[in-house]
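In: Structure here, sequence nowhere to be found:
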């Protein structure tokens, strides 16, 4: 991680060398120690940066170029292996600095639990915050096999903090019955299976509000994102996920932060997931920051 | 394989420990010796069970949970390597026991030829049987390079036994010209390329009838099921196959047995095919047995 | 490579042993030395032939069989490793011989730059030539990091030769801003993101004209073609690409040559891309040559 | 995990169904959350059992058969993901039960930190315990980036508990300078690079003593064990490691417990590491328990 | 397969186009249907030929070149999938033709059972035949799970035919206790674990006799041959196996036929096993045929 | 590449941020366009740096730490894809700058041809230069299929420049007969198959002389370095290669530059080759530069 000091790690293509002059900050949260199934997302941020060298800097979707904005790549936040509580504290502290400096936080996971401290920090700045959540999984458990700090719990924590009616989940196709029931009983929005159509109906209701967007790469079908810990058939295509990003970009919501999590290079034998993730990051930058 | 004796092998998630008390029986048919191209489906059943540990037990598609039904996992039927004729006899004997006990047989392959003795046994119980067949391939050859017992012949054998007009194939995109012609001349239904729409038009005609469903995982596009012996571009998505299972579940047919075949873990580098298969098994259990 | 002499290399399934008696000629262009990202497409032609053994010879899409036409497989053109200029000369000379003999050239790449000398040779025969180009990338650069002979430049060279208004690109989702602007300013047609619908509107305008079709396998989504140098999310499915081939087959254009490039077996862990490519070649033969 | 209740998980080949009647207990410790580099050893125990089906039950090295002894496979100890402290407690409690029942504990990792609670428990029973440690790494840090519970610290903890002069490390080829110096200053034995020769000179000195043997699979060269978190060139061959096991078996030490750790199936593309590990387990059972 | 007719398949590098003029015949036996563990060796012969293109034609070990001898590559013998008995008949018939024509048979497997019909045919020509067998496994079972035609039985069949005292096994490290005992009781030579040293002591005793050499690639350690069905740790290096081939070449035995079996490309992720096999074939040609 | 300007790319672990203050310079030569077989070594330098993060900074072999010396990582020299002649010029220019600044050049390949311009530049500084060459291949061709600039020619060019009697090759096990003969006739030293023993006899003769060491990773057996373009069985172990580096370190030669080439991550499925390479680089730095 770097702010001012000399840094030598690979960075996302086209990133700006100076923190102060940048509008957005890319940072990695290389944590995967609470996952219950296949670990490996700790290497996600590094691989996304590495393959970003193959990206064109121009988006024919948005007709914008990366050089139109300035974003700083802070590298990965150094996290203590196997210590979830301390890791989440460090992430929260880091994001507060980014927000204090008035910059857009764009985080790369790591397991989904990393979104929890980020959203906590963002919520301090935007008490009226709404959260858009794209994922295969509800992530609404109170605890997972006894552990409240688990990759299965972040959205529940978010809902408890900002209120369930301010959380909007899309593409969900997996979870416990109790999670779906809890959402229903508490007025939390869940669009099962689909992303684009329900998003089109939700976005107008969020017009003008500050919104944080958290994307678990497994919202994509395993065909489009084999490189993740928990693959789940029946997901959306990368074309649909790109369209969802653009739909938000064209809407009247005010995106104030975002993350992309759960890319696990170990299972990504042709690097297609990492390449897709780096393209998604480009579109998030051009669609949400440059807006 | 087990019925009564102590057993120690991995089983499908949530399976019931007692055969007698169960409504359905999952069993593996680890045979791949007649395949002409890439072998390896003998390990399919074991890997499907192994990855089932990552499955949620609740289906948000059907709003049912695995605990709502009782299914016994009998393990793999021990088959003599390289002896096709004897293997088919052993499979038929096993399935007869399952049917004698009044249980729903849910088989895992193995190459597609294993469906032939299963359907033979099921047909003995249900002389009015219809077969729904989802596959990339016609499998209608009389013999393959001289061998009548081949992975390219099972549906022909079925059609000869129960009558071609009682066989309904979906998603077919590969076969010899003669196979398509034979089907046409003999009144056998083949829906080329598509599954869901033609299924919707066929199901009403089968209302009330006993139906066996055999799914070759290669009905999916290679993008969705790379882990199979013979991949063939232009297939359906896992989303569509899930919808087809649900369409059958909501119809008025009476599913009396089913199988899922041709998962070959060796080519399934990210385990996406095995994970998809285990989800399909869950939906088959919840949609067809729990019905 | 062979014309008359004894040959021992693997050939595309069903190919005719005699050059003179054939209507079409399949040939490989095993060159990948100007690629900027992941090399390996030099092995594409060999692997496409190798897996073609698993193909059915009948197309249920077109209701034709490979035995209905005669095509000769000339093997790979021997190219000097690392010498792009000389390689392009050798390719051009080879294709001229094919055209002199009145046969349909069907080339397998290799990197996309190989299409440039082929189209040059075809254009000599058909001055009224139009080019249909399916690709994820514009390939319209004048030079790439100083090199005019680069995998990023072939379509620009083609446009300069035959006139930009005679080039029709489909499925494009990546390129520099300047490339898209150059196309617009010069009247070159680019269908962004989609292939089938725009093709349906373009084909009638090309009725009666000689057309060369060049397909970069990366027009497919990475889910459908992981085995290529530069994967780019948001592409079309193999089902759509098959439909595009059939759309051209049913149109009134006169296909006079074609190629399929950028298959890189090294990244194709389950051989799905090579298998898809061999099926595409079959459909190209049956749809465009047999026509 | 199982003791008395019905169990259905895969078990090591030839294991005895009854805990009470067994002389040894195999158990998995599926923990990898403190590793600093590549995670994945949580799946090691399950894969070692799975591939054990391919093992011959006879050892031509020792001229003994697995049926000559009775060992119970207790499955994996359920550990809370991401909670290292609690995981170690659970492991220690489990091993105490095994020792209370008078059985030989044979543990499968998981990361190397799991050996620490095991040895603690064994030391309670055998205050005169010596530890033989085969590994590429010293594992002698006091803490790793601030964490005392880390995969880099277990042998230090052991040395602090039982006294450095009772710890004998073999095959070490990686560590910090300070670790080597600490060992030297405190009289701890380290055989750099080699295992067999130094073992031959150490074993006579341990004659008659109770010894615990902990083997990190990465003591093998990466050529022989690519499937592990931290590969390190310059290691020994599997032939040498087998010979070391046999050397101990033929010596006068009294092996009272053992483990094999750090097999990570994710990196073990041909399953060679898991197969090797399952053979090592067979030799440990036949050489050390059956003795 | 070809004898006289036109042929189009890939062949081993440098092979002669004419059967009659050749001294040796290379042929593939693409059978893997009786294997009990991991299938896939049916593709071994094809891949060995394919990678042979990367071989130098000169051996610095033997100071000879492939052009010094003439060998014909007959391609793979077409075998009926899943029919072991018929496959063995076809192999025997083929080898008889090779021997009738006075040529050296050099076979590529395929599972080890293919050696049985070959040796039967060779023994008809050389009643005084001795067999040198390099393997990790005894392969001395009378039947495997009831099947006498199994990959675990070929050497027993050979021993029964030519007499156990004429069979010499090297490198054996796996088998049932009964197999080792049978060998001992019947005077069959087994060198456990090692190849080169015991070979040096055996060869003088065989001076002047006709010898068939069968090499199972799994005699190599898994580090040197991961691409095979049944890997077994503790094997020899490729350097040692090369030396064994050269030791035989320099001895006074009269090699009259040979095979190399069990290469399974599916597990050979870096193609190292296939490349090693193709080098071994070159040395066998130069050392045993050219002699 | 960087000298003075801000740089953001990944660097070898422990490298010094300032060029001027450093004693050695690490630089990548990402070129693979003249290779005749499997390309991909262009990504070697980047991957070696990436995995260096897992290295300990202390060498128990040499009892030295990386912090004892200062080395600058200049990144990869930007080379024009597919233009061999220009690439070699750029490499030569770069190395001249390194030498002008009085620093030790430590290059990472890339294909072996990159060593040619480096040695040319080093020879300008040290007219009495000797070259130690460790490789599986002679690399002594004058041209390869007509191309004088080929990965098969660099050592011949070196021998022509500095005189064949000043070139010492070790571990060679592949080449054309003519290459071995040329070496013999011209007094060039070639140690076939072995490295360590012949090196011990050669080093005393080079005492006091300036020596450049070029290591092709394929001098290792494929078991130890599967991740390279041309694997060749019968090589040395990584233990032996480490010993060779240390033997040179302890000798009286004056190492004035070195390289490690041909690491190709694409074929290195468990990253073992890259990890081994990064360890070799550490030992080269500590043994040859720190000396």
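Out: On my side now, so go ahead. Source: prediction; values computed, not measured. Numbering: from 1, shown residues only, chains lettered A, B, ... in the order given.
In: Please enumerate the helices of the stretch 1-150 of chain A.
Out: In the stretch 1-150 of chain A, helices defined by DSSP state H, counting those that start in this stretch lie at A:44-51, A:84-100, A:115-125, listed in chain order.
In: quick one, what contacts residue A:156?
Out: Under the criterion of C-beta atoms under 8 Å, 6 or more residues apart in numbering or on different chains, the neighbours of residue A:156 are A:139, A:140, A:141, A:142, A:179, A:182. In this view, the C-beta of every residue, glycine as well, is placed from N, C-alpha and C.
In: For the spatially most central residue of chain A, list each beta-bridge partner.
Out: Compute the mean C-alpha point of chain A, and by C-alpha atoms, centre = their mean the closest residue is residue A:259, 2.2 Å away. When assigned by DSSP bridges, residue A:259 has beta-bridge partners residue A:107, residue A:214.
In: Would you agree it is in contact with residue A:115?
Out: Yes: the pair residue A:259 and residue A:115 passes the contact test of C-beta atoms under 8 Å, sitting 5.5 Å apart.
In: Between these two, which contacts overlap?
Out: Counting by C-beta under 8 Å, 6+ apart, the contacts common to residue A:259 and residue A:115 are A:107, A:109, A:214.
In: closest to residue D:267 among those?
Out: residue A:109 (21.5 Å; C-beta to C-beta).
In: quick one: that closest one and residue A:31 touch, right?
Out: Yes: taking C-beta under 8 Å as the contact criterion, residue A:109 and residue A:31 are neighbours in contact, 7.5 Å apart.
In: Show me the common contact partners of the two, please.
Out: Between them, residue A:109 and residue A:31 share the neighbouring residues residue A:41, with contact defined by C-beta under 8 Å, 6+ apart.
In: mind checking how far the strand or helix carrying residue A:277 is from the chain centre?
Out: In this assignment (DSSP states H and E), residue A:277 forms part of helix A:272-284. The gap between the average C-alpha position of helix A:272-284 and the chain average comes to 12 Å, counting by C-alpha atoms, centre = their mean, to the nearest Å.
In: tell me the angle it makes with helix A:44-51.
Out: Here helix A:272-284 runs at 80 degrees with respect to helix A:44-51, directions being taken by axes from the mean of the first three to the mean of the last three C-alpha atoms, to 10 degrees.
In: now for helix A:272-284, which elements pack on it?
Out: Counting by 3 or more C-beta pairs under 8 Å, 6 or more residues apart in numbering or on different chains; DSSP states H and E, the packing neighbours recorded for helix A:272-284 are helix A:44-51, strand A:104-109, helix A:238-250, strand A:254-261.
In: how deep is residue A:90 tucked in, by neighbour count?
Out: A count of nearby residues for residue A:90, using other C-beta atoms under 10 Å in any protein chain shown, gives 18.
In: my guess is it meets residue A:84, correct?
Out: No: if you go by C-beta under 8 Å, residue A:90 and residue A:84 don't touch, sitting 10.9 Å apart.
In: Not counting sequence-adjacent ones, nearest residue to residue A:254?
Out: Nearest residue to residue A:254, sequence neighbours excluded (C-beta to C-beta, 6 or more residues apart in numbering or on different chains): residue A:210, at 5.1 Å.
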